[in-house]
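> Build me a model from this:
(one chain, ligands or ions: 2)
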Amino acid sequence: AKWVFGFGGGKAEGRATDRNLLGGKGANLAEMSGLGLPVPPGFTITTELCTWYYANGHVYPVDLDAQVDAALEKIGQLTGKRFGDPASLLLVSVRSGGRASMPGMMDTVLNLGLNDETVESLAAESGDRRFAYDSYRRFIQMYCDVVLGLDHEVFEEILEDQKARLGLDLDTEIGADDWVRIVELYKARVFEELERPFPQDPREQLWGAIGAVFRSWMNPRAITYRRLHDIPESWGTAVNVQAMVFGNRGDTSATGVAFTRNPSTGENRLYGEFLVNAQGEDVVAGIRTPQNITEAARIAAGSDKPSLEKLMPEAYRDFVAIASTLERHYRDMQDLEFTIERGKLWMLQTRSGKRTAKAALRIAVEMAAEGLITREEAVARIDPASLDQLLHPTIDPAADRDVIAIGLPASPGAATGEIVFSSDDAEEARAAGRKVILVRVETSPEDIHGMHAAEGILTSRGGMTSHAAVVARGMGKPCVSGAGALRVDYRNQTMLAMGRTFRKGDLVTIDGGSGQVLAGRVPMLQPELSGDFAAIMHWADGIRRMTVRANAETPADARMARSFGAEGIGLCRTEHMFFEGGRITAMREMILADTESGRRAALDKLLPMQRSDFVELFEIMAGLPVTIRLLDPPLHEFLPKTEDEIAEVAAALGVSPEKLLQRTEALHEFNPMLGHRGCRLAVSYPEIAEMQARAIFEAAVEAGKRTGRPVEPEIMVPLVGIMKELDFVKARIDAVARAVMAEAGVEIAYLVGTMIELPRAAIRAHVIAQAAEFFSFGTNDLTQTTFGISRDDAAPFLETYRQKGIIDADPFVTLDVDGVGELVRMAAEKGRATRPGIKLGICGEHGGDPASIRFCEEVGLDYVSCSPFRVPIARLAAAQAAV
Ligand code: PEP
Ligand code: MG
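Numbering: from 1, shown residues only. Ligands and ions are numbered 1, 2, ... in the order given. Now for the predicted structure:
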């Protein structure tokens, strides 16, 4: 089999489309090389090899060796050098690269091939002993860390000792002889720790690094990351081996990273950072503060360190041209890595750049305007879930700001929380229901769980491309990075800022849009949903087939839903209306009355309240469809619990508290979700359904008069499993409708439908459709009843199931297409068979989940309904599902 694909010298055996085989990095290196861009020659060992390695007990196929040798030979031809030959030294880098970029994987080993002998050739060849030994010590350090499992801190210690001894601050001030000495100390330390010398054979080094990449696929961090991001284990990773180019070869050399557009705002300007006389990891590590690439950015940042544009104008011009070529070629914003060796530019990576949701919108809209992509593509480019970020609050500009530090605006949005200094503390506080800001000197992949748990992240070190910044942007969390004036003291759990000491538990606010860190809590504003957001939404609305409604019952939610573009209400849970103010007492009177007349008396109190709620809802929705569901939850949920509550209801009913307690106990259920709820209540107590129907029809009459527009209510009966249940309730509703129309002397068009949320309802859908004028899939209950797992209690063991690979996703979040989905599909088909054109929708939580929305499009539902904040997500996801 072919395991190795070469690239370099304007040619390549692979291309960008070979991502699955070569990994993202390898495929793009091949593509760039094929485009004739300056890429150091190299080769990629395929992801298939990784899979083979694990399938065959951690060994390599016999033909791999020869293929690697041939590929090394080829690099030699292109560079005029030979791997392992001191007389004509070829050094390489080894990097991992899967289909999806993945923190937690072994990342990079540079300068591979150096040993005690070749380091001298490098010194001689470059005429720079300092450079040679600096490269060697970096190699030892990286190789030990990622291949031999020796923590880099042991080397940092040695380095810090030596700097202290020499009285130096910066690595760059260390001279050649001192590096030679430090390398000796490093090697001695390796021997001490590992009881064997640092490997000198370049081939052993190379195979060691290749093995480390493949082994890192199965390390715990990588496994966790895959689980969090639904990356299958079977994908495997590739290994890229490439001729070294050196950014640390003196002051005409440099290394950097850049985005073709600003990843935070989306502004169409090259945006990046670099370091002179440095190797790749220095930029990301945040040890030295990087310089701006463009002069404009330098001026904007008020930096006194020269830009690349000024410092190395030729390399800068080449870079700008290549950046633009790559963006046009890939038709997307690119994230680039480059190295300049003695004035010559080399490209080390290109990939689609990660960006904030705001930047994604701006880039998509502007690229469509530039004609680079179509509007459909622009819509397809936006991750619906990322819109969440835009719905985040920002700090009220009118608020007083007690600014205690300023860092980089690494990820937008503002957040307030208690200070915690470790990821474990963040997780613990979160579990206890508290909001925290994770404060770290810098973050590493070990902090992922803490970053997930925190409202926002604040670091005192690191740039816009630091770990904290990149990960926070990906998560859509506010982040301020590199707030250099902060002194973070882990030992004492304090943070010193402008002479003030902040302790663990103190409140701070971070503004990821400006980089400010503020003391205390600060007033926030809701986001502005115009501009690029509105443009994409408008395009999406033009593409999608399904309509999007909201689940809302309060006027505030209904207004919010409309402002987010909801085209109606798909579920008004009337029980929520009974929990407000004095209503709960009337409600309790109603359910605890033991006679029909007692119930009717209480219902008479509830009727005007319900009616005015509905009038308001109809007015806000101004002619858009509104689906109102009859009372659904188990009566159990309304029972008074405290003595005071019992006394209050007893007084209202004119019975003794003891008598009431008896009645309460009689209504108690062991399994309320499978108890006396839904249409079962309407069957037992038809007067409840009649009151609600009356409130709805009277409200429709009144709202129709007020707005001059007829209201067509959709009345929904919950938890139907038996056709006769629906027949029974529908007959009551129709009778009330006739009565109200006669009293008011107006005609009201209305629909009566049902939720499909029990397996029996799905199975009998063809019969139920005889009475039901619409179906709304209640996939919360349908999931609960199909799996036989409690929607209120299942989360902990579902997480265990996920970890053990039994399920891929929580079925209460993403519709279980194979099981629950099959019932939905079947019910939709059966419903249509009986009643062609029957209106079909979904109102379970899945109505706001992009993957589930895709399924709804597939089975041809007419609408999805979700909580107001998810309406924009659903609009976009519905558009993406339609193409
Ligand atoms: C459902 O069961 O999916 C539904 C929307 O109803 P509820 O969540 O109110 O039970
Ligand atoms: Mg339900």
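> can we go C-alpha only for contacts and neighbour counts from here?
OK.
> Outline the domain layout of this protein.
When the chain is parsed with automatic domain parsing, its domains come out as 47-243, 254-355, 393-525, 544-882.
> right, and these - which one's nearest Asp383?
Ranking the domains of the chain by their distance to Asp383 (criterion: C-alpha to C-alpha) puts domain 544-882 first, at 8.3 Å.
> Give me the distance between the two termini of the closest one.
In terms of C-alpha to C-alpha, to the nearest Å, the two terminal residues of domain 544-882 are separated by 5 Å.
> and the gap between Glu442 and Leu206?
Looking at Glu442 against Leu206, where the rule is C-alpha to C-alpha, the gap reads 31 Å.
> With neighbour numbers in mind, choose between the two.
Comparing Glu442 with Leu206 by neighbour count (other C-alpha atoms under 10 Å), the higher total belongs to Glu442, at 21 against 18.
> Now the residue of the stretch 501-650 of the chain found nearest ligand 1, what are its backbone angles?
Using C-alpha to the nearest ligand atom, Arg573 is the residue of the stretch 501-650 of the chain that sits closest to ligand 1, at 6.4 Å. Here the main-chain torsion angles of Arg573 (degrees, to the nearest 10) amount to phi -80, psi 100.
> Could you check what's spatially nearest to it, not counting adjacent residues?
Residue nearest to Arg573 in three dimensions, not counting chain neighbours: Arg629, with 5.7 Å by C-alpha to C-alpha, 6 or more residues apart in numbering.
> swap in Asn240?
Spatial nearest neighbour of Asn240, chain neighbours left out: Thr44 (4.5 Å); criterion: C-alpha to C-alpha, 6+ apart.
> cool, and Asn28?
Leaving aside its sequence neighbours, Asn28 sits nearest to Ala16 (C-alpha to C-alpha, 6+ apart; 5.1 Å).
> before we move on, the earlier item: and the residue of the stretch 501-650 of the chain closest to ligand 1, how many neighbours?
20.
> Let me see the contact set for it.
The contact partners of Arg573, by C-alpha atoms under 8 Å, 6 or more residues apart in numbering, come to Asn551, Ala552, Glu553, Ile628, Arg629, Leu630, Leu631, Asp632.
> tell me the phi and psi of the fourth one?
For Ile628, the backbone dihedrals (degrees, to the nearest 10) come out as phi -110, psi 130.
> Next one: it from Ala550, what distance?
Going from Ile628 to Ala550 by C-alpha to C-alpha gives 12 Å.
> Show me the common contact partners of those two, please.
In terms of C-alpha under 8 Å, 6+ apart, Ile628 and Ala550 are both contacted by the residues Gly570, Leu571.
> Could you check which of these two has the larger neighbour count?
Neighbours per residue (other C-alpha under 10 Å) separate Ile628 from Ala550, with Ala550 holding more: 33 against 25.
> Confirm that Leu571 lies within a strand, as I assumed.
Yes. With DSSP: H, G, I helix; E, B strand; the rest coil as the criterion, Leu571 is located in a strand.
> residues from the chain in reach of ligand 1?
By the criterion of C-alpha under 6 Å from any ligand atom, the positions of the chain lying close to ligand 1 are Glu757, Gly778, Thr779, Asn780, Asp781, Cys843, Gly844.
> In stretch 115-135, which residues are buried?
By neighbour count on 16 or more other C-alpha atoms under 10 Å, the buried set for stretch 115-135 is 115, 118-123, 129-135.
> Out of these, name the two that are farthest from one another.
Spatially, the most separated pair among those is Asn115 and Arg130, at 15.1 Å (C-alpha to C-alpha).
> For the protein, which element, helix or strand, carries the lowest mean pLDDT?
Using mean pLDDT, DSSP states H and E, the weakest-scoring helix or strand in the chain turns out to be helix 281-285, at a mean of 68.
> which is the next helix or strand following that one?
On the C-terminal side of helix 281-285, the closest following helix or strand by DSSP states H and E is strand 291-292.
> partners of that following strand in the sheet?
Partner strands and pairing direction for strand 291-292 (DSSP bridges) are strand 271-276 (antiparallel).
> Show residues contacting the partner strand.
Under the criterion C-alpha under 8 Å, 6+ apart, residues 247-248, 250-262, 282-283, 288, 290-294, 297, 308 lie in contact with strand 271-276.
> for it, the distance to its chain's centre please.
Relative to the chain's own centre, strand 271-276 is displaced by 27 Å; criterion: C-alpha atoms, centre = their mean, to the nearest Å.
> what's the answer for stretch 114-127, then?
Its chain's C-alpha centre and that of stretch 114-127 lie 46 Å apart, by C-alpha atoms, centre = their mean.
> So which residues make contact with that stretch?
Counting by C-alpha under 8 Å, 6+ apart, stretch 114-127 makes contact with 84-87, 89, 91, 128-133, 136, 139, 199-202, all of which sit outside it.
> Mark which of the residues you listed are part of helices, please.
With helices taken from DSSP state H, the overlap with these comprises Arg129, Arg130, Phe131, Ala132, Tyr133, Tyr136, Phe139, Pro202.
> Among those, which one sits closest to Phe787?
Among the ones in helices among the contacts of stretch 114-127, Phe139 lies closest to Phe787 (C-alpha to C-alpha), at 54.1 Å.
> And the closest residue to that closest one other than its chain neighbours, which helix or strand is it part of?
Nearest residue to Phe139, sequence neighbours excluded (C-alpha to C-alpha, 6+ apart): Asn111, at 5.6 Å. When elements are defined using DSSP H and E, Asn111 is found to belong to strand 108-112.
> Please apply the same query to Ala762.
Taking DSSP H and E as the definition, Ala762 sits inside helix 759-763.
> go on, Phe43?
Of the helices and strands defined by DSSP H and E, Phe43 is found in strand 42-45.
> Indicate each strand paired with that strand and its parallel or antiparallel sense.
For strand 42-45, the paired strands and their directions (DSSP bridges) are strand 4-8 (antiparallel), strand 237-243 (antiparallel).
> any idea of the mean pLDDT for that strand?
Strand 42-45 carries an average pLDDT of 98.
> Show the subsequent helix or strand relative to it.
Next helix or strand after strand 42-45 toward the C-terminus (DSSP H and E): helix 47-55.
> Show me what counts as buried in that following helix.
With the criterion 16+ other C-alpha under 10 Å, helix 47-55 contains buried residues Thr47, Glu48, Leu49, Cys50, Thr51, Tyr53, Tyr54.
> What is the nearest of those to Leu529?
Taking C-alpha to C-alpha as the measure, Leu529 lies nearest Thr47 of these, at 42.4 Å.
> List the residues that contact the closest one.
Under the criterion of C-alpha under 8 Å, 6+ apart, the contact list for Thr47 reads Asn20, Leu21, Leu22, Gly23, Gly98, Trp235, Gly236, Thr237, Ala238, Val239.
> swap the cut-off to 6 Å and go again
For Thr47, the residues meeting the contact criterion (C-alpha atoms under 6 Å, 6 or more residues apart in numbering) are Leu21, Gly236, Thr237, Ala238.
> swap in Ala879?
When contacts are counted by C-alpha under 6 Å, 6+ apart, Ala879 is found next to Ala540, Ile543, Arg544.
> Neighbour-wise, which one of these leads?
Within the contacts of Ala879, neighbour counts (other C-alpha under 10 Å) peak at Ala540, which reaches 24 neighbours.
> what sits against that one?
Taking C-alpha under 6 Å, 6+ apart as the test, what Ala540 contacts is Leu876, Ala879.
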